[in-house]
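Asks: could you work out the structure for the sequence below:
(2 chains)
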Amino acid sequence: MDGVWVQFLGSLLAVVLIVLLTWFLGFRTAAKLDSEAEATAQFQLAPGGFEPASLALDRQGASAIARDAQGRIAVLVPHGTHFVVRLLNEGSAITARDGVLQIAGIESLQLDLGESAERWQTPGN
Amino acid sequence: MPFDPVAYAIPVFVALIVAELMWSRKTGAGHAYEWRDTGTSLAIGLGSTIAAAATGGLTAAMLVWAHGLLPLSIGWAWWAWPLCFVLDDLAYYAFHRSAHRVRWFWASHVNHHSSQNYNLSTALRQSWTGFIALSFIFRLPLALAGFEPGMILACAGLNLVYQFWIHTETVKRMPRWFEAVMNTPSHHRVHHAVNARYLDRNFAGTFIIWDKLFGTFAPEDDEDRIRYGIVSQLGSFNLLHVVFHEWLGIVRDVWRAPWRHKLSYIWRAPGWSHDDSRETSEMIRARWEASRGKRHR
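Replies: Next up, the predicted model:
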């Protein structure tokens, strides 16, 4: 029984040390989009398919928003060093303020689009 | 207590992860690792060792029970070891293919695919719920055929140890003869991809020959950048969410589905829905092939 505990505690210690090492080595950079082509490729992975008809990149490459031919809107939400595609519900409120888009339901996401932000704002917001 | 190769391999796993971290840092592969993703992977790995300790005895008991059902006993002859290893790898192929084609099995296996990163720590995202998902049934035929339960478990452990090193992007290609026979980092990157062309391909454990034999092999195409993870990316580092989300999804779907469709949400392919509101891997591939055909016309 002691051996089992030693093995478990040793493994736990190894887990903590490796995570700390990963952090100290700098593997904590945020996800970044380099181009519209890269963003398009990411949008195309959306469950059910999504082909961007128009697209806007965050000015720092931290996210992107796109609309397809059916008028559906999707965003790329950063997750670690990668992105996750999220299709917005129909009628989701999108507000633009000082060039920054805020999306209801994804409060952690802010898209800095500059002058083009207003084009993505939903009516009434 | 049967010989468990995985327990002896853990220090080697740790050393290789540290080596891969250093190598990734040196070569500027800044996106190879992410510290929270690594934490989740390792925590799932640690949890899986506890789950294995809790259910390992039951799995062994099932194998002993099956071994005693028929008057076949191969014993511990030396030649039985390589034979058992190869047949166990075939059993693993059957298990693994089912784990991607039947949602009940997938619910247990999905956490292994849940990371969008692909590195040695990803290999440790092992199942916590394998016994509940009945994973052991795929190895019962070996016990029925007369192989010793201890030998089967040791071969299964060796198979798992082999699969550790193929979870890496640092190795591009092995020598051609090796790629032809063995499962390699290149073949397994394909398996972890969500690119439509790669979905449900390369189920092999140690020998890639099973995929070539049963028509599920796909080579890695260097022109098509691999995206890792699952079709509906979780976007979460929450350990419990990663481990149990598909089980909760099954409960939710079975609860909401009309009576005649309830069981289908358990035994049909992941992504199946009675109203076609979701997509299975086959549907995603068909959609991709259709869109590719349009582009080429």
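
Asks: for the residue nearest the centre of chain A, list each beta-bridge partner.
Replies: With distances taken as Cα atoms, centre = their mean, the residue of chain A nearest its centroid is residue A:77 (1.5 Å). Using DSSP bridges, the bridge partners assigned to residue A:77 are residue A:84.

Asks: and it, what does it touch?
Replies: By Cβ atoms under 8 Å, 6 or more residues apart in numbering or on different chains, the contact set of residue A:77 is A:63, A:83, A:84, A:85, A:86, A:106, A:108, A:109, B:235. Yep, even glycine has a C-beta here, placed from its N, CA and C like the rest.

Asks: want to throw those into CSV with neighbour count, distance to residue A:31 and pLDDT?
Replies: As requested, the contacts of residue A:77 are arranged in CSV below (neighbours: other Cβ atoms under 10 Å in any protein chain shown; distance: Cβ to Cβ, whole Å; pLDDT from 0 to 100):
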residue, neighbour count, distance to residue A:31, pLDDT
A:63, 25, 9, 94
A:83, 26, 5, 95
A:84, 21, 9, 95
A:85, 20, 12, 95
A:86, 19, 14, 94
A:106, 16, 15, 83
A:108, 7, 13, 79
A:109, 18, 12, 86
B:235, 18, 11, 93
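
Asks: tell me the one among these nearest to residue B:19.
Replies: Residue B:19 has its nearest neighbour among the contacts of residue A:77 in residue A:83, at 28.5 Å by Cβ to Cβ.

Asks: may I see the buried residues of the helix or strand harbouring residue B:293?
Replies: Using DSSP states H and E, residue B:293 falls within helix B:281-296. Neighbour counts over helix B:281-296 (16 or more other Cβ atoms under 10 Å in any protein chain shown) mark B:281, B:283, B:284, B:285, B:288 as buried.

Asks: same check, this time on stretch A:21-40
Replies: A:21, A:22, A:23, A:25, A:27, A:31, A:33, A:38, A:39.

Asks: which ones are touching the third one?
Replies: Spelled out, that is residue A:23. Under the criterion of Cβ under 8 Å, 6+ apart, the neighbours of residue A:23 are residue B:35.

Asks: need the contact partners of the least confident helix or strand in chain B by mean pLDDT.
Replies: Ranking every helix and strand in chain B by mean pLDDT, DSSP states H and E puts helix B:281-296 at the bottom, with a mean of 86. For helix B:281-296, contacts defined as Cβ under 8 Å, 6+ apart pick out A:49, A:51, B:100, B:196, B:197, B:199, B:200, B:231, B:269, B:270, B:271, B:279.

Asks: and with 10 Å instead?
Replies: A:44-45, A:47-49, A:51, B:100-101, B:194-201, B:231, B:269-272, B:276, B:279-280 (Cβ atoms under 10 Å, 6 or more residues apart in numbering or on different chains).

Asks: list buried residues within the residues you listed.
Replies: Looks like the contacts of helix B:281-296 have A:44-45, A:47, A:49, B:100-101, B:194-196, B:198-201, B:231, B:269-272, B:279-280 buried, using 16+ other Cβ under 10 Å.

Asks: make sure residue B:32 is actually in contact with residue B:115.
Replies: No. Counting by Cβ atoms under 10 Å, residue B:32 sits too far from residue B:115 to count as a contact (11.7 Å).

Asks: check the contact lists of these two and give me the overlap.
Replies: Both residue B:32 and residue B:115 are in contact with residue B:121, where contact means Cβ under 10 Å, 6+ apart.

Asks: higher neighbour count, those two?
Replies: For residue B:32 and residue B:115, the more surrounded residue by other Cβ atoms under 10 Å in any protein chain shown is residue B:115, and the numbers stand at 28 against 22.

Asks: need the three-state assignment for the more buried one.
Replies: Classification of residue B:115 by DSSP: H, G, I helix; E, B strand; the rest coil places it in coil.

Asks: for it, what are its contacts?
Replies: Contacts of residue B:115 by Cβ under 10 Å, 6+ apart are A:80, A:82, B:34, B:37-38, B:40-41, B:44, B:121-122, B:125, B:167, B:192, B:228-230, B:233-234, B:237, B:242.

Asks: in strands, which of those fall?
Replies: If you go by DSSP state E, the contacts of residue B:115 have residue A:82 in strands.

Asks: buried ones among the contacts of residue B:115?
Replies: So, by 16+ other Cβ under 10 Å, the buried ones in the contacts of residue B:115 are A:80, A:82, B:34, B:37-38, B:40-41, B:44, B:121-122, B:125, B:167, B:192, B:228-230, B:233-234, B:237, B:242.

Asks: strands of chain A, start to end?
Replies: Remark: strands assigned in chain A by DSSP E are A:52-57, A:64-68, A:73-79, A:82-87, A:94-97, A:100-103, A:110-112.

Asks: what number of residues lie near residue A:16?
Replies: Residues near residue A:16, counting by other Cβ under 10 Å, number 12.

Asks: quick one: it from chain B, how far?
Replies: Remark: distance between residue A:16 and chain B (Cβ to the nearest Cβ, to the nearest Å) = 9 Å.

Asks: contacts only, for that residue.
Replies: Residue A:16 makes contacts with B:39, B:42, as judged by Cβ under 10 Å, 6+ apart.

Asks: also residue B:117?
Replies: Listed by Cβ under 10 Å, 6+ apart, the contact set of residue B:117 reads A:27, A:80-82, B:31-34, B:37-38, B:40-41, B:167, B:169, B:192, B:228-229.

Asks: rerun that using 6 Å as the cut-off
Replies: Residues near residue B:117 by Cβ atoms under 6 Å, 6 or more residues apart in numbering or on different chains: B:34, B:37.
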